[in-house]
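Pasting a predicted model and its sequence here:
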Amino acid sequence: MTTIASPRQMMYAQIVSQPALLLEVFETTERAVQEAFARLQPQRWQAIYTAGCGDSFYAGLACEMAFARFCRLPVKALSAMQFARYEADRLSPQAVVFGISNSGRVSRSIEAVHLARAAGAETIAITGNASSGIAQAAAAAVAVPIPEMGRSPGIRSYTVQLLSLFLSALHLGEVRQVISAAEAQAWRQQLREVAACMDATIQANDAYAKHVAERFGGAENWVFMGSGPSYATALFIAAKLVESCGANAWAQDIEEWAHIQFFNQQEQTPTCVIMPPGRSLDRALELLPYAKGIGRPTLAVASGTQSLSAEQADIILPVPQAVPEVFSPLVYCLAGELLAYYLAEVQGAEFFQATRTFRGSGDRLRGSHTLAHPEAFARLDDATAD
């Protein structure tokens, strides 16, 4: 483990605190989920939506598989803008919408909840602030406050958002009798045990992540790819690189990489595949040799049970303990978080450096105009027609 001794230490401290945090807030979060659902009518729900911005969008996307598996309902994870401006006006009243925002002050996410309620859907805020705008806008809230640990790219908040959504999926599945009480409890126990896997993964990857940052610290571009819940993990990791050191990092679906990024001529782009055991592992294994074959430095975040050779990937970032694919977003992001931290250290970078001279730039997220009623879309459409 590294010694915490730089201005960027808060990010590292947040990363290593996550296993303990998950256990610390587990029961509080479970109670908050039960109390929120008691205020609603989950038996009438016929579709599930999640809406959020940035990490909150990725959290919803990461939990699509959990909602589909445990609840057997159609699930759609959208960015808050996409949901509010292009989905809400045709929303079924039999839908439930999870509006996700840790601060609870992001305008687009609040707008999404307002428009969902105006359409007659039930709404649940997933937030760290019970008195925030999104909590007040929603019919119910799963509000789990997280002790602050200094200014850093979002780390701990993402863990608690994932936990809140996973527990919501399990509770909804149990209420709807898709899974039995015993099955739900067994899954909750597996979710608790993920904390040990998180700790082992941090321990296993600390030195590897530092090595990768030192070796590729000058890379102009980074690509992360995954499918299913791992696509959300790839998006999240790419975001942490952007926030921590301003890297040009982005994410792609595994299959879409084969169709598009395979033809990118920037040969020295480090390319990282998120590949937990599950439904997309076989395709990830097929594509790794092609990534190497076109000159990409390749990294794989892979299970310790997966035998990968140097011919398949240049660097393996191991997940030593087994974790179900449905809960893998809690674990498979950790190596990427460490990489983002070490890249900032190697480069001596400031967090959020693109906005360092814009001290009031939070207004772009929290002070923008919001819509509260679907009829406002007609006015927007008319203005566009003019």
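Thanks, I have the structure now.

Kindly state the beta-bridge partners for the residue nearest to residue 35 when sequence neighbours are not counted.
Spatially, and ignoring its direct neighbours in sequence, residue 35 is nearest to residue 140 (7.8 Å; C-beta to C-beta, 6 or more residues apart in numbering). To be clear about C-beta, it is placed using only N, CA and C from the backbone, and glycine gets the same treatment. Beta-bridge partners of residue 140, counted by DSSP bridges, are residue 124.

Let me see the contact set for residue 140.
Contact partners of residue 140, counting by C-beta atoms under 8 Å, 6 or more residues apart in numbering, are 35, 36, 37, 39, 40, 122, 123, 124, 125.

Can you select the buried ones among these for me in PyMOL?
To isolate the buried ones among the contacts of residue 140 in PyMOL, judged by 16 or more other C-beta atoms under 10 Å, type:
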select buried, resi 36+37+40+122+123+124+125
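
Including distance to residue 131 and pLDDT, could the contacts of residue 140 go into TSV?
As requested, these are exported to TSV (distance: C-beta to C-beta, whole Å; pLDDT from 0 to 100):
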residue	distance to residue 131	pLDDT
35	16	98
36	15	98
37	21	98
39	17	96
40	20	97
122	21	98
123	17	98
124	16	98
125	11	98
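
List just the nearest of the contacts of residue 140 to residue 100.
Distance to residue 100 across these (C-beta to C-beta) is lowest for residue 125, with 7.8 Å.

right, and the closest one touches residue 137 too?
Yes: counting by C-beta atoms under 8 Å, residue 125 sits close enough to residue 137 to count as a contact (7.1 Å).

Overlap of the contact sets of the two?
Both residue 125 and residue 137 are in contact with 99, 113, where contact means C-beta under 8 Å, 6+ apart.

For the stretch 251-386 of the chain, which segments are assigned as strands?
With DSSP state E, counting those that start in this stretch, the ranges of strands along the stretch 251-386 of the chain come out as 271-275, 298-303, 315-319.

quick one: which of those strands is nearest residue 159?
With distances scored as C-beta to C-beta, the stretch of the strands of the stretch 251-386 of the chain nearest to residue 159 is strand 315-319 (15.8 Å).

ok and that closest one relative to strand 298-303, angle-wise?
Orientation of strand 315-319 against strand 298-303 (axes from the mean of the first three to the mean of the last three C-alpha atoms, to 10 degrees) gives an angle of 20 degrees.

Show me the contact partners of strand 315-319.
Judged by C-beta under 8 Å, 6+ apart, the contacts made with strand 315-319 from elsewhere in the structure are 197, 201, 204-205, 208-209, 211-212, 272, 276, 297-304, 308, 331-332, 335.

can you check stretch 247-257 too?
Outside of stretch 247-257, the residues that reach it under the criterion C-beta under 8 Å, 6+ apart are 219-227, 231, 234-235, 237-239, 241-242, 260-261, 273, 280, 283-284, 287, 343.

Report the distance from stretch 256-275 to the chain centre.
A distance of 21 Å separates the C-alpha centroid of stretch 256-275 from that of its chain, computed with C-alpha atoms, centre = their mean, to the nearest Å.

For the remainder of this discussion, apply numbering that starts at 46.
Right, with 46 as the first residue, what we last looked at is stretch 301-320.

which parts of that stretch are buried?
Buried residues in stretch 301-320, counted by 16+ other C-beta under 10 Å: 302, 303, 306, 314, 315, 316, 317, 318, 319, 320.

can you pull the pLDDT of the second one?
The predicted local distance difference test score for residue 303 is 94.

so how far is residue 386 from it?
In this structure, residue 303 and residue 386 are separated by 30 Å, where distance is defined by C-beta to C-beta, to the nearest Å.

Perfect, that will be all.
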